[in-house]
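K.L.:
test case, fold it:
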Amino acid sequence: MMTKTFLPAVRGLVAHRLKKLGRGQTSIAKFLGITQSAVSQMLAVDEKRFVERLEQLGVGAGEASLLVDTLSDEVVSNPVRATEILYGFWLEMLSKGRFCDYHRKTYPQLANCEICIGRVFITESDEERSSILKSLEKIVKKLESISAFSKLIPEVGTNVVYCVENASTVEDVAGVVGRIVALDDEVRSVGRPAFGGSHHLALVLLTARKHNPNIRAAINLRFSEAVRKAVEKAGLVHAYIEPHSKPITDETVVDDLANLFRSRVKFPDAVLHGGGVGFEPITYLFADDADTLIQKVLKVVNNLLTS
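P.N.:
Got it, this is the predicted structure:
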C-alpha cells in the first residue's frame with residue numbers, strides 16, 4: 001500500500017504543488033529524488049486522480065491537502081524532516097485503522113486483522129524517552145478530540161513539546177514532527193512526536209528551563225485579546241511582550257523570553273508575545289509536566305468558550 005499507492009499519490013501531489021510554487025521540473029525531480037522524466041509524467045496526470053487514490057486508501061481530501069502543504073514546505077529546506085512527517089502521517093493512519101478497509105479488500109484473508117489499530121509506534125529504546133513520546137501521543141490525541149481547541153491554533157500551527165529531566169539540547173526535547181492545525185473546525189496532527197521534532201518551541205522550552213528547571217513542557221497557542229482574557233480568567237500567571245515594528249527571527253523571540261524571565265520573580269504560566277514583522281503573535285504556555293500542561297490548555301479553552 002505504501003509503495004504502490006500511498007507514496008506515488010503523495011509524490012504526484014507534491015510535484016503539482018511545487019510546480020504551482022514556481023519550481024521547474026529539474027528542481028522538483030531533485031527535491032523528490034526521482035528523474036525529470038518521472039516528474040513530467042506526474043504533472044501530466046490530473047491532481048484529482050492522485051487525490052482519488054488517497055481517498056480510496058482512506059485519506060480525506062482535506063487531510064491530503066494538509067499533508068502536501070506541509071511536505072512541500074519541508075522537502076525544499078529539510079528533506080529529512082519531510083521524510084519524518086510522511087512516515088509519521090503513515091503510522092498515524094495505520095494506528096487509527098484508516099487503511100484497514102482498503103487492506104482487507106485487497107487481502108480478504110486479513111478480514112479479522114487488527115494488528116495496527118491503537119498501536120503506538122515508538123522506536124526509542126530508552127525508557128524515559130519512550131515514556132515522553134507516549135505522553136505526547138496522548139496529548140495530541142486529546143487535543144484532536146477537542147474541537148474547540150481549533151480556536152486556539154495560530155496560523156503557523158500548534159506544536160507541543162516535552163523534554164527529558166536533564167534536557168540541555170534540542171535533541172533532548174520531543175515535539176510533533178510537522179504541526180497541529182485546524183482543518184474544517186477539526187483539530188488534526190500532521191506528523192507524530194519525535195525528539196528534535198520542533199526546533200523553535202524546543203528553544204523556547206530550553207530558555208524557560210534556564211530560569212525554572214522544573215519546567216519540562218510547553219505549547220504555542222493563538223494570541224488575541226480573547227485568548228488573553230481566557231488566560232486571565234483561568235487564573236494563570238501571565239506576562240506580555242510588546243510587538244516589534246521590524247522583522248524578527250526565532251532568536252529574537254528567544255532573547256525576548258530570556259529577558260522577560262530574568263526580570264520576573266515568579267515564573268509565568270503563560271507568555272503572550274506580540275510578534276513582529278513576518279512573525280505571528282503567539283501565546284506560550286509552560287508546565288512542569290505533560291499532564292499539567294494539558295490541564296492548563298483545557299482551562300484556557302473553557303474560559304475562551306465562556307467569554
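K.L.:
so who does L7 touch?
P.N.:
L86 (C-beta atoms under 8 Å, 6 or more residues apart in numbering). (Each C-beta comes from the backbone N, C-alpha and C, glycine too.)
K.L.:
please tell me how far it sits from A64.
P.N.:
According to C-beta to C-beta, to the nearest Å, L7 stands 13 Å off from A64.
K.L.:
what does F89 give?
P.N.:
F89 is 10 Å from A64, by C-beta to C-beta.
K.L.:
between these two, tell me which one has more neighbours.
P.N.:
Shown here are F89 and A64; by other C-beta atoms under 10 Å, F89 has more neighbours (25 against 22).
K.L.:
which of the three states applies to that one?
P.N.:
Under the three-state scheme (DSSP: H, G, I helix; E, B strand; the rest coil), F89 adopts helix.
K.L.:
doesn't T292 lie inside a helix?
P.N.:
Yes. Counting by three-state DSSP, T292 falls inside a helix.
K.L.:
ok, which stretches of the protein are helices?
P.N.:
Counting by DSSP state H, the chain has these helices, from start to end: 7-20, 25-32, 36-43, 47-57, 61-77, 79-95, 100-106, 127-144, 199-211, 225-233, 250-263, 290-306.
K.L.:
so where's the stretch 151-300 of the chain shaky on pLDDT?
P.N.:
Filtered on pLDDT under 70, the stretch 151-300 of the chain yields no residues whatsoever.
K.L.:
any chance of the helices of the chain in TSV, with distance to L152 too?
P.N.:
Listed next are those as TSV, based on distance: least, C-beta to C-beta, whole Å:
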stretch	distance to L152
helix 7-20	27
helix 25-32	33
helix 36-43	37
helix 47-57	29
helix 61-77	18
helix 79-95	21
helix 100-106	32
helix 127-144	9
helix 199-211	15
helix 225-233	7
helix 250-263	19
helix 290-306	6
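K.L.:
so which of those is nearest R192?
P.N.:
Nearest to R192 among these is helix 79-95 (3.5 Å), distances taken as C-beta to C-beta.
K.L.:
other SSEs contacting that closest one?
P.N.:
If contacts are counted by 3 or more C-beta pairs under 8 Å, 6 or more residues apart in numbering; DSSP states H and E, helix 79-95 sits against helix 61-77, strand 186-190.
K.L.:
give the buried residues for that helix.
P.N.:
Within helix 79-95, the residues that count as buried by 16 or more other C-beta atoms under 10 Å are 81-82, 84-95.
K.L.:
angle of that helix against strand 186-190?
P.N.:
If you take axes from the mean of the first three to the mean of the last three C-alpha atoms, to 10 degrees, helix 79-95 sits at 130 degrees to strand 186-190.
K.L.:
if I pick T207, what's in contact with it?
P.N.:
By C-beta under 8 Å, 6+ apart, T207 lies in contact with 254, 257-258, 261.
K.L.:
in the record's domain split, what are the boundaries for this protein?
P.N.:
Listed by automatic domain parsing, the domain ranges of the chain are 2-110, 127-306.
K.L.:
so what's the gap between the shortest one and the chain middle?
P.N.:
When you say that, I think you mean domain 2-110. Centroid separation between domain 2-110 and its chain, computed with C-alpha atoms, centre = their mean, to the nearest Å, is 18 Å.
K.L.:
same check on the longest one?
P.N.:
Per C-alpha atoms, centre = their mean, the displacement of domain 127-306 from the mean C-alpha position of its chain is 12 Å.
K.L.:
will you turn the buried residues of helix 79-95 into JSON lines that also has distance to S145 and pLDDT?
P.N.:
Conversion of these to JSON lines gives the following (distance: C-beta to C-beta, whole Å; pLDDT from 0 to 100):
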{"residue": "R81", "distance to S145": "26", "pLDDT": "86"}
{"residue": "A82", "distance to S145": "27", "pLDDT": "90"}
{"residue": "E84", "distance to S145": "24", "pLDDT": "87"}
{"residue": "I85", "distance to S145": "22", "pLDDT": "88"}
{"residue": "L86", "distance to S145": "24", "pLDDT": "92"}
{"residue": "Y87", "distance to S145": "24", "pLDDT": "88"}
{"residue": "G88", "distance to S145": "19", "pLDDT": "85"}
{"residue": "F89", "distance to S145": "19", "pLDDT": "89"}
{"residue": "W90", "distance to S145": "21", "pLDDT": "90"}
{"residue": "L91", "distance to S145": "19", "pLDDT": "85"}
{"residue": "E92", "distance to S145": "14", "pLDDT": "84"}
{"residue": "M93", "distance to S145": "17", "pLDDT": "88"}
{"residue": "L94", "distance to S145": "19", "pLDDT": "87"}
{"residue": "S95", "distance to S145": "15", "pLDDT": "83"}
